[in-house]
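K.L.:
Have a look at this prediction, sequence included:
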Amino acid sequence: MDSLQHTLKRSIGFTGIGLHSGKPVRLELYPGEINSGIRLVRSDLGQMEPTPAFMDRVVDTRLATTIGTDHNASIATVEHVLAALAGLGIDNAVIAVDGPEVPIMDGSAAPFVQVLRRIGRRRQQACRWMLKFNEVVRFSDGRGRTVRIEPYDGFRITCRIDFEHARIGTQQFDIDMTPRRFAEEIAAARTFGFFREVELLRRNGLALGGSLDNAVVIDDHGVMNSDGLRYADEFVRHKVLDLVGDLALLGFPILGRVVAEKSGHGQHLGLMQAVAAHPEAWDIVAYEGSGEYRVLRQLAQSTRAVGDKLLPYLMPPSLALTPAHTC
């Protein structure tokens with residue numbers, strides 16, 4: 001387990017099309033300073049200050065996760081690039097996009113992961129603070145879609161999906177998440193959708209960039225992609241990918257087990273809001289080796305004092321870590 005923060009060794013750029021607009025878009029990733037977290041900026045609008053990739057900036061979860069930035073602008077479909085960064089253990093970076101949505105690439109996080117693994121990470125001389133769960137925190141939408149985080153020494157995800165389609169049906173995937181396992185078992189799983197829904201979205205001016213090159217599409221007979229599936233259970237693996245990307249918006253890596261039942265972006269946001277509302281259920285800790293953790297007591301006490309006004313204290317830029325809090 002990494003005890004220090006990491007960023008990119010150098011900047012890198014990606015080009016592609018937006019899933020919904022169908023227009024060309026460029027995304028660039030830059031190294032970030034210690035304790036700055038992951039931040040986003042609309043480069044086409046001349047924004048100067050990046051926006052923290054944090055849960056209180058989420059403005060839409062209907063078709064993807066959308067973050068609101070300055071000047072009433074937004075960046076949609078952030079979950080795949082966030083998953084790539086979080087899954088590889090990159091704590092600090094700036095994501096610059098020259099349009100309203102992240103390029104969909106091939107519908108997975110694999111294009112980001114392949115390049116990020118090639119350029120590598122740079123270790124930074126600052127503690128990697130994590131959210132360690134001591135009690136269960138859960139969210140349910142009342143319609144059978146639930147997600148919870150429970151105590152666990154590591155980061156584990158158990159995800160179950162259930163679709164009324166013979167090609168998908170019920171699938172479950174369980175993984176102890178590490179950068180290697182994320183890259184090899186999760187990153188390449190593509191987003192998926194039903195042909196009838198894609199046609200409806202296009203009639204409403206959405207999914208204009210969607211194709212069999214960047215999504216798994218299913219009709220009444222099965223998978224329409226000529227190359228088939230990358231994994232027999234690619235559908236549930238992609239749900240795990242989305243979960244990793246969405247939960248990165250907590251601002252800290254998780255020490256706990258996430259159990260998701262038929263959840264989506266809206267339920268993931270509901271879980272993060274439940275985490276913020278229950279500071280008694282977790283501590284902010286630094287790993288000291290041999291299974292030992294150091295609790296950031298000063299911050300922990302202040303969060304318990306503010307209760308439902310926890311959000312500013314969860315944000316990495318708000319930690320204002322002093323030398324006493326560094327490694």
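P.N.:
Nice, I can see it. Residues are numbered from 1 along each chain as shown.
K.L.:
any idea how far residue 184 is from residue 253?
P.N.:
19 Å (Cβ to Cβ, to the nearest Å). No exception for glycine: its C-beta is placed from N, CA and C like everyone else's.
K.L.:
Between those two, tell me which one has more neighbours.
P.N.:
residue 253 (21 against 11; other Cβ atoms under 10 Å).
K.L.:
got a list of what the spatially most central residue of the chain touches?
P.N.:
Central residue of the chain (Cα atoms, centre = their mean): residue 245, 1.1 Å from the mean position. Taking Cβ atoms under 8 Å, 6 or more residues apart in numbering as the criterion, residue 245 is in contact with 65, 78-84, 86, 109.
K.L.:
do that again at 6 Å, thanks
P.N.:
By Cβ atoms under 6 Å, 6 or more residues apart in numbering, the contact list for residue 245 reads 79, 82-83.
K.L.:
before we move on, what about residue 19?
P.N.:
77, 104, 209-210.
K.L.:
got it, and residue 132?
P.N.:
255, 283, 285.
K.L.:
Does the first one touch residue 134 like I think?
P.N.:
Think residue 255. No. Applying Cβ atoms under 6 Å, one finds residue 255 not in contact with residue 134, separated by 9.7 Å.
K.L.:
Give me the more crowded residue out of the two.
P.N.:
residue 255 (23 against 12).
K.L.:
From residue 282, how far out is the more buried one?
P.N.:
9 Å.
K.L.:
Over to residue 179?
P.N.:
Distance from residue 179 to residue 282, by Cβ to Cβ: 23 Å.
K.L.:
More neighbours: which of the two?
P.N.:
residue 282 (25 against 18).
K.L.:
so the more buried one sits right up against residue 130, yeah?
P.N.:
No. The pair residue 282 / residue 130 is not scored as a contact, 9.6 Å apart, by Cβ under 6 Å.
K.L.:
What are the boundaries of the strands in the stretch 101-250 of the chain?
P.N.:
121-127, 129-133, 137-140, 146-150, 155-162, 170-176, 192-194, 216-219, 222-223 (DSSP state E, counting those that start in this stretch).
K.L.:
Quick one: work out the angle between the second one and strand 146-150.
P.N.:
So the one you mean is strand 129-133. Strand 129-133 runs at 110 degrees relative to strand 146-150, counting by axes from the mean of the first three to the mean of the last three Cα atoms, to 10 degrees.
K.L.:
How about exporting strand 129-133 as CSV, limited to the C-alpha atoms?
P.N.:
In CSV, the C-alpha atoms belonging to strand 129-133 read as follows (Å, rounded to 0.1, in the frame of the first residue of the first chain):
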residue,chain,number,x,y,z
TRP,A,129,-4.4,10.5,3.5
MET,A,130,-7.2,8.0,3.1
LEU,A,131,-10.8,7.5,4.3
LYS,A,132,-10.8,4.5,6.6
PHE,A,133,-14.3,3.3,7.4
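K.L.:
ok, it: who's next to it in the sheet?
P.N.:
Strand 129-133 sits in its sheet next to strand 254-261 (parallel), strand 282-289 (antiparallel), going by DSSP bridges.
K.L.:
Quick one: mean pLDDT over the last one.
P.N.:
This predicted structure assigns strand 282-289 an average pLDDT of 87.
K.L.:
got the buried residues for that strand?
P.N.:
282-287 (16 or more other Cβ atoms under 10 Å).
K.L.:
As JSON lines, the residues you listed with distance to residue 158 would be great.
P.N.:
What follows is those, written out as JSON lines (distance: Cβ to Cβ, whole Å):
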{"residue": "282", "distance to residue 158": "19"}
{"residue": "283", "distance to residue 158": "23"}
{"residue": "284", "distance to residue 158": "24"}
{"residue": "285", "distance to residue 158": "23"}
{"residue": "286", "distance to residue 158": "26"}
{"residue": "287", "distance to residue 158": "23"}
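K.L.:
Tell me how far residue 143 lies from residue 116.
P.N.:
From residue 143 to residue 116 the distance is 36 Å (Cβ to Cβ).
K.L.:
okay, the two: which has more neighbours?
P.N.:
Legend: neighbour count by other Cβ under 10 Å for residue 143 and residue 116, higher for residue 116 (25 against 8).
K.L.:
For this protein, which segments count as helices?
P.N.:
79-87, 110-119, 179-181, 195-203, 234-247, 265-277, 297-306, 311-314 (DSSP state H).
K.L.:
just these: most buried one?
P.N.:
helix 79-87 (a mean of 27; mean count of other Cβ atoms under 10 Å).
K.L.:
which outside residues touch that one?
P.N.:
With Cβ under 6 Å, 6+ apart, helix 79-87 has contacts from 38, 65, 93, 102, 109, 112-113, 182, 241-242, 244-246, 248.
K.L.:
try 8 Å this time
P.N.:
Contacts of helix 79-87 (Cβ under 8 Å, 6+ apart): 27, 29, 38, 53, 64-65, 93, 95, 102, 104-105, 108-109, 112-113, 116, 177, 179, 182-183, 186-187, 191, 241-242, 244-249, 253, 265.
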